Structure formats: C-alpha cells, structure tokens
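> Below are the sequence and a predicted model; questions follow.
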Amino acid sequence: MIEAQREILYIVLHCTATAQTATKEAILSYWQNIKKWVWPGYHYLVKTDGKFSRLAYEHQPTNGVYGYNQNSIHICYIGGIDEKGRPMDNRTEAQKETLLFLVKWLKDKYPKAEILGHRDFPNVAKACPSFDARKEYQLIA
Ligand SMILES: [Zn+2]
C-alpha cells in the first residue's frame, strides 16, 4: 500500500462539545449518519478515563478544521461543555495526561507542526477546545 504523503503543519486540539458520557460509537455514528462525512472528524479521541482511540491513520486527512485538514492532525477529548451547552474546560486529569502525551508524541514525529486549538484558526467562531491549547503546550518544542 502506498501512503499518501502529506505535510503536517498543525497539531490541533478539539473537544466533542458533547456530554462527557458520550460514547465513541455515538460520536462516529453522528458523523457518518447525520453529517455524512466520509472521513472521521479527528485522528485521536480521548475518553474521560484517559484511554484514547485512533479513528483514522495519520496519512489520511480528517474533518477537524475546514480548509486546514490536509496539513493537520486532530486530537479531540470527549466533553468541553457544561450541562447548559456552554463552553467549559471539564477535562479529567486522565484526559489532560493523555492529551499531553499525544501532543508530545506527535510533536516529536512532526517537529515543524504548530500546536493550536481549533479556535486559534482564522474565522472560527467556536470556543473549541474550551481551553487555551497554545498557552498550555507552549513549552513543548
Ligand atoms: Zn474543534
């Protein structure tokens, strides 16, 4: 199999903007059946217990940030809103640990990549990922 080569310039953090109890299956089904996406939304999905799933191989683009997907790897944690649907950083300690692990591991693989939150891209009106990813990971080089 020949893997498509793509240049990774962004490691992007997201939240699902769902309840923390949302399952991976429900999230995947929403993308497939409601949004009709061919590719999943993100490469890695981090659950509240800190375990993560790979939803797509890194050589394939996913649907994280419109216009930037060809050059991005997307990481997402389940949660990011309060019970009224307002943005809230409700990451568990286990999620924080796994997110940090993934960011470091990916930055190691793609040293040129910038670490950003979804909201740090131009013309994004969302609060995603509900925390300041740029600041939180600023020391990872
Ligand atoms: Zn996002």
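Happy to help now that I have it.

> ok, so what distance separates residue 141 from residue 112?
Using Cβ to Cβ, to the nearest Å, we find residue 141 at a distance of 11 Å from residue 112. Just so you know, the C-beta spots here come from the backbone N, C-alpha and C atoms, and that holds for glycine as well.

> who has more neighbours, these two?
The neighbour count for residue 141 versus residue 112, taken as other Cβ atoms under 10 Å, is higher for residue 112 (10 against 7).

> and the residue lying closest to that one once chain neighbours are set aside, what is it in contact with?
If the residues on either side of it in the chain are set aside, residue 112 comes closest to residue 9, at 6.3 Å by Cβ to Cβ, 6 or more residues apart in numbering. If you count contacts by Cβ atoms under 8 Å, 6 or more residues apart in numbering, residue 9 has them with 71, 72, 112, 113, 114.

> again, only using 10 Å
Neighbouring residues of residue 9 by Cβ atoms under 10 Å, 6 or more residues apart in numbering: 68, 70, 71, 72, 73, 110, 112, 113, 114, 116.

> all strands for this protein, in order.
Shown for the chain, the strands assigned by DSSP state E span residues 10-15, 44-46, 52-54, 72-77, 114-117.

> Around the ion, which positions in the chain sit nearby?
Residues of the chain lying near the ion by Cβ under 5 Å from the ion: 14, 118, 128.

> from the chain's centre, how far out does the helix or strand of the chain with the lowest mean pLDDT sit?
For the chain, using mean pLDDT, DSSP states H and E, the weakest element among its helices and strands is helix 24-29, scoring a mean of 94. Here helix 24-29 is found 15 Å from its chain centre; the criterion is Cα atoms, centre = their mean, to the nearest Å.

> and it, which residues are buried?
Buried residues in helix 24-29, defined by neighbour count with 16 or more other Cβ atoms under 10 Å: 27, 28.

> Please name every helix or strand in contact with that helix.
Helix 24-29 makes packing contacts with strand 44-46, strand 52-54 when contacts are defined by 3 or more Cβ pairs under 10 Å, 6 or more residues apart in numbering; DSSP states H and E.
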